[in-house]
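Chemist: okay, here's the prediction I keep looking at, along with the sequence it came from:
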Amino acid sequence: MFIAIGDSVNGGTGTGTGTGGGGGTSRTAPIFQYKLRPEDRIPKTTRFVFTSLSTFPFEVYIGDDTYVINSSADTIAVNVTDPNPTDVSLSVGAKVEIDWSRGGSFGINKVLRIDNLIVGGSEFINYEDRDFSDISTLPAEISSSLIGCFSGATGLPSNIGLWKVDGVTLFNDMFAGVPESVMSDTFGQWKFGDGADFGASSFPNLSDADLASCLVQWEANANQGINVDAAGRPFGSDPRGGGAIRDLDETVYPAAKTAYDNLIANSNWDFGDSINWVS
């Protein structure tokens with residue numbers, strides 16, 4: 001997932017190149033902050049681990065220190081003693097995916113920007129501040145899975161409708177627990193890849209009007225994907241787990257019903273029983 005951090009509970013044994021390297025490469029603005037969590041915890045060594053999806057080499061700036069990362073074998077060991085948030089930024093042009101391992105002596109305090117980060121599948125419940133409404137930058141890369149990516153978010157990136165998601169195959173629980181007041185029909189701008197799987201509870205709290213608008217927009221996209229699997233009840237939440245059937249009134253949303261029928265007939269979308277049309 002984007003921004004995840006390596007195991008720090010057992011005291012990392014990082015192999016990072018340490019401070020001082022880097023050759024003066026320009027840094028980006030901070031991309032996130034982290035801090036000791038809980039604040040009264042005995043400090044442990046925190047280990048940052050970068051996956052092979054990263055673009056190497058790059059530099060990581062943690063507070064006043066600079067680390068050079070040449071491969072996924074390089075990690076960064078930081079002794080966290082300060083309960084205040086610490087800024088983390090990268091060198092210009094760097095793209096990274098950072099692993100979350102078990103435990104952690106700190107939490108992500110706030111995500112500040114995402115254009116350096118490979119967005120992938122893990123949920124933001126790991127992060128203390130899940131309000132992303134101030135983020136206007138586009139992600140550097142989106143991986144094939146967005147499972148649980150914004151689960152429980154209290155605010156979403158302002159331009160999320162512009163994200164290029166046609167390479168994403170899995171969306172299960174992407175916006176699970178996100179309140180209706182945060183959701184909108186901006187996802188109607190998305191073009192899905194052929195065979196994409198919505199899974200369950202990916203868009204559970206869209207209002208009826210926003211869901212209807214999304215259906216119309218998805219069908220109107222001339223380049224929309226075919227064979228999209230929307231049969232997993234992505235538009236409703238079931239407290240027992242998984243999705244729930246959503247009722248929509250076709251007399252209130254006739255254009256949405258037409259779009260729904262066209263997506264099935266012309267693009268071979270499979271809705272199963274995800275939407276129950278009533279009149």
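Modeler: Received it, and whenever you're ready, just let me know what you need. Predicted model, so just to flag it, every value in this text is computed and none were measured.
Chemist: next up, the contacts around Phe192.
Modeler: By C-beta atoms under 8 Å, 6 or more residues apart in numbering, the contact set of Phe192 is Val165, Asp166, Val168, Trp218, Gln224, Gly225, Val228. For every residue, glycine as well, the C-beta is placed using N, CA and C.
Chemist: quick check, pLDDT for the closest residue to the second one other than its chain neighbours.
Modeler: Counting by C-beta to C-beta, 6 or more residues apart in numbering, the nearest residue to Asp166 once its immediate chain neighbours are dropped is Gly193, at 4.2 Å. The predicted local confidence for Gly193 comes out at a pLDDT of 98.
Chemist: got the contact list for Gly193?
Modeler: By C-beta under 8 Å, 6+ apart, Gly193 lies in contact with Val165, Asp166, Gly167, Val168, Thr169, Gly225.
Chemist: emit the PyMOL select command for whichever of the contacts of Phe192 are buried.
Modeler: Here is the PyMOL command that selects the buried residues among those (16 or more other C-beta atoms under 10 Å):
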select buried, resi 165+168+218+224+225+228
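Chemist: so can I have CSV of the contacts of Phe192 showing distance to Ser52?
Modeler: Listed next are those as CSV, based on distance: C-beta to C-beta, whole Å:
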residue, distance to Ser52
Val165, 22
Asp166, 23
Val168, 19
Trp218, 34
Gln224, 32
Gly225, 28
Val228, 29
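Chemist: thought Trp163 was touching Pro139?
Modeler: Yes: here Trp163 reaches Pro139: they are 6.7 Å apart, a contact under C-beta atoms under 8 Å.
Chemist: joint contacts of the two?
Modeler: By C-beta under 8 Å, 6+ apart, the residues touching both Trp163 and Pro139 are Val119.
Chemist: could you check how far Arg113 is from Ala153?
Modeler: Shown here: Arg113 relative to Ala153, a distance of 16 Å by C-beta to C-beta, to the nearest Å.
Chemist: phi, psi of Thr258?
Modeler: Backbone torsions for Thr258, taken as degrees, to the nearest 10, come to phi -60, psi -40.
Chemist: what's the neighbour count on it?
Modeler: Thr258: 14 surrounding residues under other C-beta atoms under 10 Å.
Chemist: which residues sit in contact with it?
Modeler: Contacts for Thr258 (C-beta under 8 Å, 6+ apart) come out as Glu219.
Chemist: repeat for the one 10 residues further on
Modeler: Asn268 makes contact with Ile226, Asn227, according to C-beta under 8 Å, 6+ apart.
Chemist: re earlier: where does the residue nearest to Asp166 land in three-state SS?
Modeler: What DSSP: H, G, I helix; E, B strand; the rest coil gives for Gly193 is coil.
Chemist: again with Glu219
Modeler: Under three-state DSSP, Glu219 comes out as helix.
Chemist: got the confidence number for it?
Modeler: We note a pLDDT of 98 for Glu219 in this prediction.
Chemist: try Lys110
Modeler: At Lys110, the pLDDT value in this model is 87.
Chemist: looking at this, it is in a strand?
Modeler: Yes: under three-state DSSP, Lys110 falls within a strand.
Chemist: tell me the bridge partners for it.
Modeler: According to DSSP bridges, the partner residues bridging Lys110 are Gln33.
Chemist: same check on Asp270?
Modeler: Asp270 forms beta bridges with Asp229, as assigned by DSSP bridges.
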